[in-house]
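In: Fold the following and give me the result.
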Amino acid sequence: MKRTLLLSALVGMGISWGAAVPDSTNGWGYGYDSLLRDLGEWRKSPYVKVDSIGASVQGRAIWMVSISGPGDSLDRAGGLPSRKRRVFIHARTHPAEVQAHYVSNESIRFLLDTGSLSRDIRRDFIFNIVPMYNPDGVQEGHARQNSHGVDLESNWDQLVLEPEVVTLKRTFESFMAGPIPIDVALNLHSDQFNCTRFFFFHYAAGTSTAYEILERNFIGGVQARFPEGIKDWDFVRSWGNGTQLRYPEGFWWTGYKENVLALTYEDTNCPNAGRFDSTGTALVLGSADYIRARIAAPVRRYAARETRMLLLPEGVRIAALPSGSRWDLTDMRGRRMAEGAFVPGDILLSWNRLPSAPGRILSVFRPGIAAERIRLPNLPD
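Out: The predicted structure follows:
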């Protein structure tokens, strides 16, 4: 990243983190000392636990912020055993991609908010967030490497793993072996070439057809929380020739298949960067929407982890609808384009019932249950 590029971006956003010039000598505007100060503030909250999950090559702690609250009601509405669900987020693999750090920090800020949305999330979920995965690289001013000169993002399939990779991998494995495994794993970056926000979508050639559907549902749900901000699922498509084991998502797919939705998210990294609060909030709410939809499917008719809204070639399938359920379709400005009522049972909304427009949001309303929303692709495959 060019120094002038990031400086222009930060000045344009009116952001200052106590650094006169946000270059590589001061952590690209947010260094390890900045993180320590924020950790000191976050840990004052009764909902926060701060732990070191391991150390970098040079011995700096890799900090994890865990956020949750009292209560545990997520599964009770569906008649399933009650337990919380877990979302894991890590950021700042590449030190120069400081915007990813700002997104993770805004996710933390939203999770600690006093509003009802944040309170419900804390009741039902545990969010584990590693805001600075590569502290040595940040302090040494590297753009992409750790202090060994290794890109941690592509080190996951090596015979000898870097200490930071070992730390994160062991943390993942520990949670997956425990009573509350990870449902969603997000890998936050920022991209200076496209100057936009998007997810890396993985083809079935490297995952599965079922996983492609889960990816589309997840990305559509995040978009529904930030309609004008995030590109459609097919903006960047990868893994057309098979699973890429050198990346964290390769680790997730190899070990856990469809049980964990693992994606890389790229935020803007250019003079137009901003809206980190909108992005951080959308990632939190979109993750919660996705998990709630998957576990709410009745065990008698669908696998316990299947979503209740699925994008299919013939339309959108909505499962297990009680009497009184309804739907509506809005454009990206919130204007209603179509609406209707359901009869009990499984419903397929065919594409010809859903008028075309950029950024369409389909909302499903079930009596006594929070609305579910998903952003639809412009055209079905």
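In: contacts, neighbours, all on C-alpha from now
Out: Fine.
In: Select the longest helix from the protein.
Out: If you go by DSSP state H, the chain has its longest helix at helix 276-295.
In: Downstream of it, the next helix or strand is which one?
Out: strand 309-312 (DSSP states H and E).
In: Can you give the contact residues for that next one?
Out: Ile213, Leu214, Arg216, Asn217, Ala293, Val316, Arg317, Ile318, Ala319, Ile374, Pro380 (C-alpha atoms under 8 Å, 6 or more residues apart in numbering).
In: do stretch 164-184 as well
Out: The contact list for stretch 164-184 (C-alpha under 8 Å, 6+ apart) reads 53-57, 62, 83-88, 133-134, 152, 155-156, 259-262, 287, 291.
In: Name the residues of that stretch that come out as buried.
Out: Buried residues in stretch 164-184, counting neighbours by 16 or more other C-alpha atoms under 10 Å, are found at Glu164, Val165, Val166, Thr167, Leu168, Lys169, Phe172, Met176, Pro181, Ile182, Asp183, Val184.
In: quick one: low-confidence parts of the protein?
Out: In the predicted model, the chain carries pLDDT under 70 at residues 1-23, 72-82, 296-308, 320, 332-334, 344-346, 359, 368-370, 378-381.
In: domain ranges for it?
Out: Domains of the chain are assigned by automatic domain parsing as 3-295, 309-375.
In: winner for burial among those domains?
Out: Ranked by mean neighbour count, the domains of the chain are led by domain 3-295 with a mean of 19 (mean count of other C-alpha atoms under 10 Å).
In: which pair in the contacts of strand 309-312 spans the largest distance?
Out: Across these, no pair lies farther apart than Ala293 and Pro380, at 21.3 Å, counting by C-alpha to C-alpha.
In: Tabulate the contacts of strand 309-312 in a markdown table, adding columns for secondary structure.
Out: Output for these, formatted as a markdown table (DSSP: H, G, I helix; E, B strand; the rest coil):
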| residue | secondary structure |
| --- | --- |
| Ile213 | helix |
| Leu214 | helix |
| Arg216 | helix |
| Asn217 | helix |
| Ala293 | helix |
| Val316 | strand |
| Arg317 | strand |
| Ile318 | strand |
| Ala319 | strand |
| Ile374 | strand |
| Pro380 | coil |
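In: what's the closest of these to Ser190?
Out: Arg216 (20.6 Å).
In: Okay, and the nearest residue to the closest one once chain neighbours are set aside sits in which element?
Out: Closest residue to Arg216 apart from its sequence neighbours, by C-alpha to C-alpha, 6 or more residues apart in numbering: Trp233 at 6.0 Å. If you go by DSSP H and E, Trp233 is not part of any helix or strand.
In: quick one, what contacts Trp233?
Out: By C-alpha under 8 Å, 6+ apart, the contact list for Trp233 reads Phe198, Phe199, Phe200, Phe201, Glu215, Arg216, Ile219, Gly220, Pro377.
In: What is the nearest of these to Trp239?
Out: For these, the nearest to Trp239 is Phe201 (8.2 Å; C-alpha to C-alpha).
In: ok, then the element right after the strand ranked longest in the chain?
Out: Counting residues, the longest strand found in the chain (DSSP state E) is strand 182-191. Under the assignment DSSP H and E, the closest C-terminal helix or strand after strand 182-191 is strand 198-202.
In: chain center to that following strand, what's the gap?
Out: Its chain's C-alpha centre and that of strand 198-202 lie 11 Å apart, by C-alpha atoms, centre = their mean, to the nearest Å.
In: what does stretch 361-372 give?
Out: With C-alpha atoms, centre = their mean, you get 21 Å for stretch 361-372.
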